[in-house]
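Visitor: would you be able to build a 3D model of this:
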Amino acid sequence: MIQVAGNIGRKTIHFANHILDLFAFTYRILKLIFKRQEYGRAIVRRVILEQIYFTCVQALSIIVPVALLVGSMLIIEFTKISVQYDLGKITVILLVRELGPIITAFLVILRSATAVTIEIGYMNVLHEIEAFEMAGIDPMRIICLPRLVGITSAVFCLFIVFDLVSIVGGYCLVWFTTHIPMGDFLGQIGKAITAADIAVGIVKAICFGIIITVTSLKHGFQIRKNITQIPPGTSRAAIESVIFCLISNVIISAIFYM
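Guide: Numbering: from 1, shown residues only. So this is what the prediction gives:
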């Protein structure tokens, strides 16, 4: 019994230290946004644009079909209960408040977060990070800051695309392919959506972007000895990103709507 209690205590302390390390790591990166540097600004801008292109633009071929499928599926199901409930309000609650941000975050985790962890892991194992430091270049500014800004901006843009495509595209898809009476669906959406719904979506997108980037970078920097550590490190980064996004999703929704 004492052994079990000791193991639980050690794991709890280790988890708490890990969370504190993530907060400290986030603070170090965010502090660089407000710190003006004379060198490396062109490189930082280029890496930000490359990260946005990889995470956002190249992901459109995935996010658009997923949004169409989710939107049309939910609209078809919602029309069955539209007599008892407000169709526009249900759509806003599920798509704009909850499913839009979380599905977007999951797709970014599967596609980009794992790639970031693998990239940083290889850079660590092959001593590229040390080469930056020996050249007098801050890896936090050249590596971490551009990815934080790029991925967070990409998550925000993909969230907007997902909501628009799932609602408007799903409506058009159902309208043209089925005989389900839709009524004034878009008008109901316009009446149901509020400033709080838009604000909560923006906050979730920004928080998810920061969580995904920081978790992926942190696990990438922890890979130091050999290449065989990269697969388990990537897996842990993806799982933690999903869990932290779900937890923050619940907390943000509770703050705004309770």
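
Visitor: where's the residue most central in space within the chain relative to R36, distance?
Guide: Taking Cα atoms, centre = their mean as the criterion, A105 is the residue nearest the geometric centre of the chain, at 3.4 Å. Distance from A105 to R36, counting by Cβ to Cβ, to the nearest Å: 31 Å. Just so you know, the C-beta spots here come from the backbone N, C-alpha and C atoms, and that holds for glycine as well.

Visitor: what secondary structure does the residue nearest to the centre of the chain sit in?
Guide: Counting by DSSP: H, G, I helix; E, B strand; the rest coil, the backbone at A105 sits in helix.

Visitor: what sits against it?
Guide: By Cβ atoms under 8 Å, 6 or more residues apart in numbering, A105 lies in contact with V155, F208, I212, S241, C245.

Visitor: so which of the residues you listed sit within strands?
Guide: Residues of the contacts of A105 located in strands (DSSP state E): none.

Visitor: tabulate the residues you listed (a markdown table), appending neighbour count, distance to F78 and pLDDT.
Guide: A markdown table is the format used below for those (neighbours: other Cβ atoms under 10 Å; distance: Cβ to Cβ, whole Å; pLDDT from 0 to 100):
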| residue | neighbour count | distance to F78 | pLDDT |
| --- | --- | --- | --- |
| V155 | 30 | 26 | 92 |
| F208 | 28 | 25 | 93 |
| I212 | 31 | 30 | 93 |
| S241 | 26 | 30 | 92 |
| C245 | 25 | 25 | 92 |
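
Visitor: for the residues you listed, which one is nearest C144?
Guide: I212 (13.0 Å; Cβ to Cβ).

Visitor: can I assume that closest one is in contact with V155?
Guide: Yes - between I212 and V155 there is a contact under Cβ atoms under 8 Å: 7.1 Å.

Visitor: common neighbours of those two, please.
Guide: The contact sets of I212 and V155 overlap at A105, V108 (Cβ under 8 Å, 6+ apart).

Visitor: re earlier: distance check, the residue nearest to the centre of the chain against A205.
Guide: 8 Å.

Visitor: quick one: contacts for F34?
Guide: Contacts of F34 by Cβ under 8 Å, 6+ apart: none found.

Visitor: do you know how far it is from V92?
Guide: 35 Å.

Visitor: list the buried residues of stretch 12-28.
Guide: Buried residues in stretch 12-28, defined by neighbour count with 16 or more other Cβ atoms under 10 Å: L22, F25, T26.

Visitor: what about stretch 119-127, distance to the chain center?
Guide: Put simply, stretch 119-127 sits 23 Å off its chain's centre (Cα atoms, centre = their mean, to the nearest Å).

Visitor: show residues contacting that stretch.
Guide: 128-129, 143, 216-217, 219-221, 223-227, 229-230, 233-234.

Visitor: how close does E98 sit to K204?
Guide: Separation of E98 from K204 (Cβ to Cβ): 9 Å.

Visitor: so for these two, which residue has more residues nearby?
Guide: Neighbour count, other Cβ atoms under 10 Å: between E98 and K204, K204 has more, with 26 against 17.

Visitor: which residues of this structure fall in helices?
Guide: Taking DSSP state H, the helices of the chain run over residues 2-33, 41-52, 60-80, 87-91, 100-108, 114-125, 128-134, 139, 145-164, 170-177, 185-192, 195-222, 230-257.

Visitor: the last one packs against which elements?
Guide: Contact analysis of helix 230-257 by 3 or more Cβ pairs under 8 Å, 6 or more residues apart in numbering; DSSP states H and E lists helix 100-108, helix 114-125, helix 195-222 as its packing neighbours.

Visitor: ranking those helices by burial, who's on top?
Guide: helix 100-108 (a mean of 24; mean count of other Cβ atoms under 10 Å).

Visitor: by how many degrees do it and helix 114-125 diverge?
Guide: Calculated by axes from the mean of the first three to the mean of the last three Cα atoms, to 10 degrees, helix 100-108 forms an angle of 40 degrees with helix 114-125.
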